[in-house]
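> Provided below are the primary sequence and the corresponding predicted coordinates.
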Amino acid sequence: MGSGGFSFTVLGGVPGGPRWGRLVTPHGEVDTPAFMPVGTQAAVKALDPAEVAAAGTRMVLCNTYHLFLRPGPEVVAAAGGLHRFMGWPGPILTDSGGFQVMSLRPLSRVEEEGVRFRSHLDGSERMLTPELSVAVQEALGADIIVPLDHCLPYPSDPLALADAAERTLRWAKRSLEARTRGDQAMFAVVQGGHDPALRAEMVRALSTLGFDGYAIGGLMVGESKGLMYRVLEQVAPLLPEGSPRYLMGVGSPDDLVESVVRGMDLFDCVLPTRLARHGTLLTGRGPVVLRNARWAREFGPPDPGCPCPVCGRFSTAYLRHLFKAGEPLGPRLASLHNLYFIQGLMSRLRAALESGGLEALRREVGRVYGPRPGASAATGSERPRQEGFGPRASNLCQESRSGTPGQKRRNADACTHAGSSGW
């Protein structure tokens, strides 16, 4: 990485495969692999920034699309930048808005100039171009910014995938030209769907342009887990070895482990906190759906081995009561617990990479969250369970970090209903 105040060092691991490292930014260091909670509107929902940090978080993600619409980049800039505005002293990554644009269809239309869309807030017509996306992110003042990209859902026509990937490449070049700040890193987005040749072509082209890191986009958009893993296996060895690899929109425990195995360094996802707000806890024994009657008299902690303040003070029965009674404290405590769980998993992954214990941890997580023994990785099929979220819940809960209020409600309901029916 060549931008001022930034560096990335691979401290150990396998070329093109699992590794650990350290990312240095103007607002602090991040040991990798690392998970970024999503602060869509400059806040990780229901949590104070101090709590987010206490859970082990070193870097958060904020959403360019949402902050562009409200409160506007000029307000954030006047406040002294995103770090001061939201009270977060650590590193921040802002995404480009490309995924949100995809989720807003049919309110958006992609043109060569950029994306024309109607605001989900007031219906006003807007145009987001690569240049404007960079200008907004520079005004926000994030440590790492991402160029506007063209993301398509799965499945998509091969010709449409090629068109979107090539447009993403052109937009990446325009974004570099529009860049004016030397104190922000910029990560390219590698698109190409599930076509290995197209992905390879995009990596080759982008790696000649001087980006500071590489994000893999266009995954977790409806495909199976097995298909996603195959793409990572094909793409990771092609990326520049000395640059960070960021897998966008992944946050379930099994996906995090399997993606680290395949060489990824950075992750973001709404999944842990969104599941929490709808009553599903991530624990060492698997997901716990609090609305299920079996927890009504469970007076022990949700996860006996968890060091979080929730498990140290409250019982599963009490948390269930909060959700059944509609108390706002329930989603807040569940969100805090789930963030501790995910950051604890990332800490264990880093330790396992250094000690040589990655395969043992992979088996442990796989027994609870992964595919059943003997299942084909290509199918991404899931083992049925008594408790948990359904096989499409990772996609449903990751979808639409933006979207209309109706879309958000439908996705949230899908998370909750999937959580009630088992894996």
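It's in. In this text the structure is predicted, and so the values were computed from the model without any measurement.
> now the helices for the stretch 201-350 of the chain?
All helices of the stretch 201-350 of the chain, identified by DSSP state H, counting those that start in this stretch, fall at 225-235, 253-261, 271-277, 309-313, 316-325, 329-355.
> deepest of those, which one?
helix 271-277 (a mean of 26; mean count of other C-beta atoms under 10 Å). From N, CA and C alone the C-beta is placed, and that goes for glycine too.
> which residues of this protein score low on pLDDT?
1-2, 372-423 (pLDDT under 70).
> where does the record place the domain boundaries for it?
7-270, 275-421 (automatic domain parsing).
> for residue 52, what are its contacts?
37, 44, 60, 88, 339 (C-beta atoms under 8 Å, 6 or more residues apart in numbering).
> list the contacts for the nearest residue to the first one once chain neighbours are set aside?
Counting by C-beta to C-beta, 6 or more residues apart in numbering, residue 37 lies nearest to residue 44, which is 4.7 Å off, once chain neighbours are set aside. Taking C-beta under 8 Å, 6+ apart, we find residue 44 in contact with 37-38, 52, 60, 273, 335, 339.
> what does residue 18 give?
260-263, 353, 358.
> my guess is residue 55 contacts residue 307, does it?
No - counting by C-beta atoms under 8 Å, residue 55 does not reach residue 307; the two are 9.9 Å apart.
> what sits in contact with each of the two?
residue 340.
> okay, these two: which has more neighbours?
Taking other C-beta atoms under 10 Å, residue 55 and residue 307 do not tie; residue 55 has more neighbours (23 against 11).
> so how far is residue 338 from the more buried one?
Separation of residue 55 from residue 338 (C-beta to C-beta, to the nearest Å): 9 Å.
> again with residue 219
Residue 219 is 22 Å from residue 338, by C-beta to C-beta.
> check residue 12 too.
29 Å.
> residue 162 contacts residue 197, correct?
No - counting by C-beta under 8 Å, residue 162 does not reach residue 197; the two are 9.8 Å apart.
> quick one: residues contacting the residue nearest the centre of the chain.
What sits nearest the mean C-alpha location of the chain, by C-alpha atoms, centre = their mean, is residue 268, with 2.1 Å. Shown in contact with residue 268 (C-beta under 8 Å, 6+ apart): 35-38, 61, 93, 95, 246, 248-251.
> what about residue 181, which SS state?
coil (DSSP: H, G, I helix; E, B strand; the rest coil).
> now name the helix or strand holding the nearest residue to it once chain neighbours are set aside.
Leaving aside its chain neighbours, residue 181 sits nearest to residue 138 (5.0 Å; criterion: C-beta to C-beta, 6+ apart). Counting by DSSP states H and E, the element that carries residue 138 is helix 130-140.
> packing partners for that helix?
helix 64-69, helix 73-78, strand 144-145, helix 158-178 (3 or more C-beta pairs under 8 Å, 6 or more residues apart in numbering; DSSP states H and E).
> against which helices or strands is the last one packed?
The one in question is helix 158-178. helix 130-140, strand 185-190, helix 196-206.
> can you mark which positions in that helix are buried?
Buried residues in helix 158-178, counted by 16 or more other C-beta atoms under 10 Å: 161-162, 164-169, 171-172, 174-176, 178.
> what's the closest of those residues to residue 6?
Proximity to residue 6 was ranked across the buried residues of helix 158-178 by C-beta to C-beta; first place goes to residue 176, at 15.5 Å.
> who are the contact partners of the residue found closest to residue 219 once you drop the neighbours it is linked to in the chain?
Distances taken as C-beta to C-beta, 6+ apart put residue 228 closest to residue 219, at 4.9 Å, once the chain neighbours are dropped. Applying C-beta under 8 Å, 6+ apart to residue 228 gives the contacts 219-220, 250, 255, 380.
> ok, which pair from these is furthest apart?
Counting by C-beta to C-beta, the most remote pair of the contacts of residue 228 is 250 and 380, 13.3 Å apart.
> looking at those two, which has the bigger crowd around it?
Neighbour count, other C-beta under 10 Å: between residue 250 and residue 380, residue 250 has more, with 25 against 17.
> surely that one meets residue 217?
No - taking contacts as C-beta under 8 Å, residue 250 lies outside contact range of residue 217: 11.2 Å.
> before we move on, back to that, ok, the residue nearest to residue 219 to residue 213 distance?
20 Å.
> okay, the spatially closest residue to residue 172 that is not a sequence neighbour and residue 57: tell me how far apart.
Excluding its sequence neighbours, the residue lying closest to residue 172 (C-beta to C-beta, 6+ apart) is residue 147, at 4.9 Å. Plainly put, residue 147 is 25 Å away from residue 57 if you go by C-beta to C-beta.
> looking at the two, which one has more neighbours?
Higher neighbour count among residue 147 and residue 57: residue 147, with 29 against 25, using other C-beta under 10 Å.
> out of the helices and strands packed on helix 158-178, nearest to residue 242?
Nearest to residue 242, of all those, is strand 185-190, at 13.3 Å by C-beta to C-beta.
> what strands line up against that closest one, and which way round?
Sheet pairing of strand 185-190 (DSSP bridges) gives strand 144-145 (parallel), strand 213-216 (parallel).
> now those strands as a markdown table including mean neighbour count?
Shown next, in a markdown table, are the strands paired with strand 185-190 (neighbours: other C-beta atoms under 10 Å):
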| stretch | mean neighbour count |
| --- | --- |
| strand 144-145 | 27 |
| strand 213-216 | 25 |
